[in-house]
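Undergrad: Sequence below, structure please.
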Amino acid sequence: MADKPTVALLGTGIMGSAMGRRLLRAPIALRAWNRTLEKAKPLAEQGAVLGATPADAVDGAQVIITMLRDGEAVLYAMNEAAPKLREGQIWAQMSTTGPQAVPAEVAFADKYGLTLVDAPVLGTKQPADQGQLVIIAAGPQAARPVLQPVFEVLGKKTLWVDDDATRAVASTLKLVANNWVIGLTNAVAETMALAKGAKVDPRLFLDAVEGGPLDVPYLRIKAKAILENDFEPSFALENATKDAALIAALAHECHVSLPVAEAMLARMRKAIEMGHGDEDVAATYFASFDS
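TA: Prediction:
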């Protein structure tokens, strides 16, 4: 394995904090920042050096990871980090910003002499805690040996899809994959809601598909959340809805009709209006009912 670099982690929300814990257990030297500093303090208790600002966090790091809500938040953090950026640092942009945000990220990296690797991930809180993420990466060959010990800690697999981050292949593929994730979640939620409305025990549905080709682990995870009324977020509905909007925008740009995706986006927005935005994406279940 290559030498372990010092990593600066900008963003310690649900995913960022789980990734930070993995890096510290490796152990990999970690510097961390979060806009709400309180959310980063548990990482400090485990050995991370906290930065009061993004500039503090990136100072001296070889690798910068951004794991933030959207492209706007990513560029805000990187602009705040600018005073302490240095030419040659590798920027692994691991947030789901969509291909729409990549040109601005490329321009920023070029301005400061950073090596940009577009590297969004597949997986939620539990896979992140367990180092079982799938990392979809695009970036130059020269960056890969430096990132290898980091990505090996964070993920079970790194899928290198391009050697040029500017083409946004990784971020595009991430939205394609998230369309599948969001589709599965909405299908589970609607099926469970239909069973409830029709006064059929939803557990009988789960028994009916058990062990067959229609039985998938994700069905079990989200159905369990609904049955137990436990919507602690592993993938927050607000963030999933942001991704669904990026998917709809990408489809529009590509002249591809995705009426199901559009309907899912509307359904998820309804669940947010009902007060479930901070809950797990499975809370789209509530959109099937009037109250």
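
Undergrad: Can you name the residues that contact the residue nearest to residue 120 when sequence neighbours are not counted?
TA: Sequence neighbours aside, residue 174 is the residue nearest to residue 120 in space, at 3.9 Å (criterion: C-beta to C-beta, 6 or more residues apart in numbering). C-beta here means a position set from N, CA and C on the backbone, and glycine is covered the same way. For residue 174, the contact set (C-beta atoms under 8 Å, 6 or more residues apart in numbering) comprises 96, 98, 120, 121, 122, 136.

Undergrad: count of neighbours near the first one?
TA: Same thing as residue 96. Applying other C-beta atoms under 10 Å, we find 25 residues neighbouring residue 96.

Undergrad: same check, this time on the third one
TA: Using other C-beta under 10 Å, residue 120 has 26 other residues around it.

Undergrad: returning to that earlier point: do you know how far the residue nearest to residue 120 is from residue 136?
TA: 6 Å (C-beta to C-beta, to the nearest Å).

Undergrad: what's the overlap in contacts for these two?
TA: 120, 121, 122.

Undergrad: Correct me if wrong: residue 128 contacts residue 20.
TA: No: under the criterion of C-beta atoms under 8 Å, residue 128 makes no contact with residue 20, lying 9.5 Å away.

Undergrad: ok, these two, which is more surrounded?
TA: Neighbours per residue, other C-beta under 10 Å: of residue 128 and residue 20, the larger number sits with residue 20, 29 against 24.

Undergrad: Quick check: closest non-adjacent residue to that one.
TA: residue 43 (4.6 Å).

Undergrad: Buried residues in the host helix or strand of that neighbour, which are they?
TA: Applying DSSP states H and E as the criterion places residue 43 in helix 41-45. Across helix 41-45, burial judged by 16 or more other C-beta atoms under 10 Å covers residue 43.

Undergrad: what residues does the following helix or strand past it touch?
TA: Toward the C-terminus, helix 41-45 is succeeded by strand 49-50 as the next helix or strand (DSSP H and E). Here strand 49-50 makes contact (C-beta under 8 Å, 6+ apart) with 29, 30, 31, 32, 33, 37, 40, 41, 43, 44, 57.

Undergrad: how about residue 86, secondary structure?
TA: coil (DSSP: H, G, I helix; E, B strand; the rest coil).

Undergrad: Can you tell me the closest non-neighbouring residue to it?
TA: Residue 86 sits nearest to residue 113 (C-beta to C-beta, 6+ apart), 7.7 Å away.

Undergrad: show me the contacts for the one you found.
TA: Contacts of residue 113 (C-beta under 8 Å, 6+ apart): 86, 87, 88.

Undergrad: separation between the second one and residue 123?
TA: Taken as C-beta to C-beta, the spacing of residue 87 relative to residue 123 amounts to 32 Å.

Undergrad: more crowded one of the two?
TA: Neighbour count, other C-beta under 10 Å: between residue 87 and residue 123, residue 123 has more, with 22 against 8.

Undergrad: Could you give the bridge partners of the residue nearest to that one when sequence neighbours are not counted?
TA: Counting by C-beta to C-beta, 6+ apart, residue 123 lies nearest to residue 133, which is 4.0 Å off, once chain neighbours are set aside. Under DSSP bridges, the beta-bridge partners of residue 133 are residue 155.

Undergrad: For residue 133, which residues are in contact?
TA: Residue 133 touches 19, 121, 122, 123, 127, 154, 155, 156, counting by C-beta under 8 Å, 6+ apart.

Undergrad: Look at residue 158 and tell me its secondary structure.
TA: Once three-state DSSP is applied, residue 158 turns out strand.

Undergrad: Now do the strands in the stretch 101-250 of the chain.
TA: Ranges of strands in the stretch 101-250 of the chain, per DSSP state E, counting those that start in this stretch, are 115-118, 121-122, 133-138, 155-162.

Undergrad: need those in CSV with distance to residue 106 and mean pLDDT, can you?
TA: Listed next are the strands of the stretch 101-250 of the chain as CSV, based on distance: least, C-beta to C-beta, whole Å; pLDDT from 0 to 100:
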stretch, distance to residue 106, mean pLDDT
strand 115-118, 6, 98
strand 121-122, 20, 98
strand 133-138, 11, 98
strand 155-162, 13, 98
